[in-house]
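In: just coords:
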Ligand SMILES: NC(=O)c1ccc[n+]([C@@H]2O[C@H](COP(=O)([O-])OP(=O)(O)OC[C@H]3O[C@@H](n4cnc5c(N)ncnc54)[C@H](OP(=O)(O)O)[C@@H]3O)[C@@H](O)[C@H]2O)c1
C-alpha cells in the first residue's frame, strides 16, 4: 500500500526477502492471510497517524503457513511445521515470507486447511478475548444473554459462534441482507440494523459486544442488565467517554461495567481456536478466498457484501 485511499492503492511489489530469523524468531512461508477491519481502516486512512511515515506499508496482521527457518532460540517449532500466527502493529503478513517471534504462533492441526486457519486468527482471538477475558462470559453461566453488534463481520461471526458454544442466548445485529447467513453461525435472534434503532431494542443483555465500535455507547449501555458488561473493540472514542457516566462503577448493587479488548497474541488462545476448528465445533467464517494479486477486489468485497472473512492466498 503506497498511499491511503480506495482499494486501487494496493499493489503487489517485488521486494528483497527478509533476513534470517534471530533469537526466538521464525520465518514462515505465508500460504494465506485474512483481511481484517484493521487492514481496511489503515488502507482507507481512517487513522492517518497509523501510517504516517510508514508508507509503503505491507498489510496483513495474521497468517497461516509453513515454518521455513528457525532462529537459534526457537524451542516450539521446526522447519516444516504448519503454523498460524498473529503479527504486531507492523503488519506484513500479506507477503511471501514473514518473520515473527515464536510466541505469536500456534501449530495448525493437520486436518485444518491453512486458508481456514488464517480466517480465525485475529478475528477469532478478538472475539474470544472480548467475550471471555473482558466480558467474563464463562462466569455468567449458561443462558447468559449476549448481544453482538456487527455480527456479520469477521469478529462478529466468531463471537456469535463462541458465545453460542458457551451456552449463551445470542442476539445478532447486522444489515438485513446478511442476516440469513449470520443465522447459520448459531444466532438465536436476529436484528436488522437497517430497519431497527439498536438503542430502542426491547430487552436487556448480560454482555453487549460492539465489534465495529461505531454504535453510540451511551445508548448501548442502556441495554445492559444489572451486572452486565459492554465490551468495545475501540477503546479510544468520543462515544465511549460520552457513555462513561452510565457505566461508572458503584451505582447500585450490581452496576454495569465497560471494557475494551486489545487483542493479544496468546498461543494458548490461538491453539484453543484451532482445536475447535479441527473438532468441527467452530466454523472458519471464510466467505471468499482470492489470490494476493486480486487484493483490490478482495478489499472491495470485504467492505460491502462479505459475511465473515475474505482470505488472500499466496
Ligand atoms: N481492539 C483491538 O485490539 C482490535 C482487534 C481487531 C479489530 N479491531 C477493530 O474492530 C473493528 C471490527 O473488526 P472486524 O474485523 O470484525 O471488521 P469487519 O469484518 O469489517 O466487520 C465490521 C461489521 O460491523 C458492521 N457495521 C459497520 N458499521 C456499523 C454501524 N455503524 N453500526 C453497526 N454495525 C456496523 C458491518 O456489518 P453490517 O454491514 O452487517 O451491519 C460489518 O460487518 C475494526 O474497527 C477493527 O479495527 C480492534
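Out: That came in fine, so what should we check first? Given the structure is predicted, the values throughout are model-derived calculations rather than measurements.
In: report the rounded mean pLDDT for the strand or helix carrying residue 156.
Out: Assessed by DSSP states H and E, residue 156 sits inside helix 154-165. For helix 154-165, mean pLDDT is 98.
In: next, see if it gets close to the ligand.
Out: Yes: contact between helix 154-165 and the ligand, assessed by C-beta under 6 Å from any ligand atom, occurs at 154, 155, 156. Using the backbone N, CA and C atoms, a C-beta is placed for each residue, glycine as well.
In: where in the stretch 51-200 of the chain is pLDDT low?
Out: Regions of the stretch 51-200 of the chain meeting the criterion pLDDT under 70 are absent.
In: what about the closest residue to the ligand within it, how many residues nearby?
Out: Ranked by C-beta to the nearest ligand atom, the top residue of the stretch 51-200 of the chain for proximity to the ligand is residue 153, at 2.0 Å. Neighbourhood size, residue 153 [other C-beta atoms under 10 Å]: 27.
In: ok, now which ones touch it?
Out: Contact analysis of residue 153 by C-beta atoms under 8 Å, 6 or more residues apart in numbering lists 37, 123, 211, 212, 308.
In: near the ligand too, which of those residues?
Out: Among the contacts of residue 153, proximity to the ligand is found for 37, 123, 211, 212 (C-beta under 6 Å from any ligand atom).
In: surely the third one is in contact with residue 155?
Out: Yes: because the distance of 4.3 Å satisfies C-beta atoms under 8 Å, residue 211 is recorded as touching residue 155.
In: skipping adjacent residues, who's closest to residue 142 in space?
Out: In this structure, residue 142 finds its nearest non-sequential neighbour in residue 167, 3.4 Å apart by C-beta to C-beta, 6 or more residues apart in numbering.
In: returning to what we had before: tabulate the residues of helix 154-165 next to the ligand (CSV), appending neighbour count and distance to residue 49.
Out: As requested, the residues of helix 154-165 next to the ligand are exported to CSV (neighbours: other C-beta atoms under 10 Å; distance: C-beta to C-beta, whole Å):
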residue, neighbour count, distance to residue 49
154, 30, 23
155, 27, 23
156, 28, 27
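In: and the residues you listed as JSON lines, adding distance to residue 206?
Out: Output for the residues of helix 154-165 next to the ligand, formatted as JSON lines (distance: C-beta to C-beta, whole Å):
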{"residue": "154", "distance to residue 206": "23"}
{"residue": "155", "distance to residue 206": "19"}
{"residue": "156", "distance to residue 206": "18"}
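In: out of those, which one sits closest to residue 143?
Out: residue 156 (20.9 Å; C-beta to C-beta).
In: residues contacting the closest one?
Out: For residue 156, the contacting residues are 127, 148, 149, 150, 172, 174, 182, 211, by C-beta under 8 Å, 6+ apart.
In: list the contacts for the residue nearest to residue 142?
Out: Each residue near residue 167 by C-beta under 8 Å, 6+ apart is listed here: 141, 142, 143, 144.
In: most neighbours among the residues you listed, which one?
Out: residue 144 (23 neighbours).
In: run through the residues of this structure sitting next to the ligand.
Out: Residues of the chain lying near the ligand (C-beta under 6 Å from any ligand atom): 36-38, 40-41, 122-123, 126, 149-150, 152-156, 174-175, 178, 193, 211-215, 233, 261-263.
In: strands - which of those residues land there?
Out: Among those, DSSP state E puts 149, 174 in strands.
In: got a quick PyMOL command for the buried subset of the residues of the chain next to the ligand?
Out: In PyMOL syntax, the buried subset of these is picked out as below (16 or more other C-beta atoms under 10 Å):
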select buried, resi 36+37+38+40+122+123+126+149+150+152+153+154+155+156+174+175+178+193+211+212+213+215+233+261+263
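In: burial measure for residue 289, as a count.
Out: With other C-beta under 10 Å as criterion, residue 289 counts 18.
In: how much space separates the nearest residue to it once chain neighbours are set aside from the ligand?
Out: If the residues on either side of it in the chain are set aside, residue 289 comes closest to residue 311, at 4.8 Å by C-beta to C-beta, 6+ apart. Going from residue 311 to the ligand by C-beta to the nearest ligand atom, to the nearest Å gives 12 Å.
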